[in-house]
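S.K.: Quick one, structure for this:
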Amino acid sequence: MDESARTRFLILLEQRAARYLSHDQLEAIPLLMRLDVQFRPHGKRAKARAVAVAAEEAGRLEELVDQLRELRPRVRWPAATCGRPE
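M.R.: Numbering: from 1, shown residues only. This next block holds a predicted model:
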């Protein structure tokens, strides 16, 4: 995935996670995935960004997308492998 596709993917993931998940769900995902996420900001968009960045740094974006699909199966989550919506 090139840098622009990666950026588009992360922005789309962040936007949809913030829109469709609650604060509690955004805080639970890192616990379920055992990701180290420091939630300094309190907004949903900032929490979603922190989760996406932590998953990317851990090399676990596909697993994050799988978790999101389990929580909200009707949402069209982006595909982690190509950086574009399915």
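S.K.: From residue 6, how far off is residue 72?
M.R.: To residue 6, residue 72 is 22 Å away according to C-beta to C-beta, to the nearest Å. For the C-beta atoms, the positions are set from N, CA and C on the backbone; glycine is no exception.
S.K.: Name the residue in those two with the higher neighbour count.
M.R.: Shown here are residue 72 and residue 6; by other C-beta atoms under 10 Å, residue 72 has more neighbours (16 against 13).
S.K.: The residue nearest to the more buried one when sequence neighbours are not counted and residue 38: what is the separation?
M.R.: Leaving aside its sequence neighbours, residue 72 sits nearest to residue 20 (C-beta to C-beta, 6 or more residues apart in numbering; 4.9 Å). For residue 20, the distance to residue 38 equals 23 Å [C-beta to C-beta].
S.K.: Could you find the closest non-adjacent residue to residue 47?
M.R.: Leaving aside its chain neighbours, residue 47 sits nearest to residue 26 (4.2 Å; criterion: C-beta to C-beta, 6+ apart).
S.K.: what's near enough to touch the residue nearest the centre of the chain?
M.R.: Nearest to the mean C-alpha position of the chain, counting by C-alpha atoms, centre = their mean, stands residue 52 at 4.0 Å. The contact partners of residue 52, taken as C-beta atoms under 8 Å, 6 or more residues apart in numbering, are 10, 13, 14, 17, 61, 64.
S.K.: Mind doing that once more with 7 Å?
M.R.: 10, 13, 14, 64 (C-beta atoms under 7 Å, 6 or more residues apart in numbering).
S.K.: Mind checking which of those land in helices?
M.R.: 10, 13, 14, 64 (DSSP state H).
S.K.: With adjacent residues omitted, what lies nearest to the first one?
M.R.: Spelled out, that is residue 10. Nearest to residue 10 is residue 52, by C-beta to C-beta, 6+ apart, at 5.3 Å.
S.K.: Surely that neighbour forms part of a helix?
M.R.: Yes. Residue 52: assigned to a helix according to DSSP: H, G, I helix; E, B strand; the rest coil.
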